[in-house]
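S.K.: the sequence and its predicted three-dimensional model are supplied below.
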Amino acid sequence: MGALLGISLWVALATVVPGCITIACIWGAFAIINPTLLNQGALSACLANDWICASIAITIMVLTQAVGILIEKRFVDNEWYGKADTAEESEAEKRADPYVEYSGLYVVLAGLREEDDSKGHLERVLAQFFLNNNVIVSFAAGMLVSAVITLLYLDHDILIRGLSYFLFMGICLVICIKVAKIRFNVMIKSLSAVRQAKRDDLTTERVE
């Protein structure tokens with residue numbers, strides 16, 4: 001139960017933190033490219049009302065998670081997370097398909113006992129993977145909003161600031177995609193280790 005509660009906490013963090021980053025990326029696009037928009041019309045009214053701000057924040061967090069799930073599915077279906085580096089792996093690990101292993105993720109979590117992940121390695125890797133995967137949405141949203149603001153309010157200064165912010169968001173996006181691929185491979189190895197440990201336990205129980 002303790003392990004499952006720990007995973008729930010990590011999953012919650014992987015939802016809330018990317019949502020907050022999405023808000024920061026979108027707000028940054030307005031604040032850096034054309035800050036006068038923050039004091040105009042409906043946007044100004046939203047920022048002045050705590051309840052509206054909270055509601056918008058929660059909505060953005062949920063949407064970030066939803067789009068992150070779609071990205072995860074697309075990456076898995078097309079095997080865009082890459083293949084694990086098999087240079088130093090055992091023959092059994094080389095034969096294992098990481099995407100087949102990943103498909104059994106929730107089966108492993110459902111049967112996870114506290115002693116199966118006593119040091120919390122699996123839950124940390126899971127949280128890091130989903131966190132990076134969802135933050136991809138955050139920086140993509142920052143790129144989209146910065147492009148829209150730049151094109152709608154085009155002048156020399158806004159163009160310079162808009163392109164700079166767009167490129168910064170793009171660099172952050174590329175970094176997050178690379179990190180997500182790395183954490184995916186580490187997560188697969190962690191899942192394999194947990195599966196192997198459970199198989200060893202079953203074999204020991206049968207022998208006894």
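M.R.: Looks like it came in fine. Note that this is a predicted model, so its numbers are computed, not measured.
S.K.: C-alpha only now, for contacts and for neighbours.
M.R.: Will do.
S.K.: and the longest helix belonging to the chain, how far out from the chain's middle?
M.R.: The longest helix of the chain (DSSP state H) is helix 156-207. Here the centre of helix 156-207 is set off from its chain's centre by 8 Å, with Cα atoms, centre = their mean, to the nearest Å.
S.K.: test my guess that Met169 contacts Ser146.
M.R.: No - the pair Met169 and Ser146 fails to qualify as a contact (Cα atoms under 8 Å) at a distance of 9.1 Å.
S.K.: neighbour count winner among these two?
M.R.: Taking neighbours as other Cα atoms under 10 Å, Met169 and Ser146 compare with Ser146 leading, 30 against 23.
S.K.: pLDDT weak spots in this structure?
M.R.: Where the chain drops to pLDDT under 70, the residues are 1-8, 11, 40-48, 84-96, 114-120, 198-208.
S.K.: for the one helix or strand Glu101 maps to, give me every contacting residue.
M.R.: For Glu101, the element it lies in under DSSP states H and E is helix 98-103. By Cα atoms under 8 Å, 6 or more residues apart in numbering, the residues outside helix 98-103 that reach it are Val76, Glu79, Lys83, Ala84, Asn185, Ile188, Leu191, Ser192.
S.K.: are any of those residues buried, and which?
M.R.: Buried members of those, scored by 16 or more other Cα atoms under 10 Å, are Val76, Ala84, Asn185, Ile188, Leu191, Ser192.
S.K.: possible to save these as JSON lines with distance to Val100?
M.R.: Output for the buried ones among the contacts of helix 98-103, formatted as JSON lines (distance: Cα to Cα, whole Å):
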{"residue": "Val76", "distance to Val100": "10"}
{"residue": "Ala84", "distance to Val100": "13"}
{"residue": "Asn185", "distance to Val100": "13"}
{"residue": "Ile188", "distance to Val100": "10"}
{"residue": "Leu191", "distance to Val100": "11"}
{"residue": "Ser192", "distance to Val100": "11"}
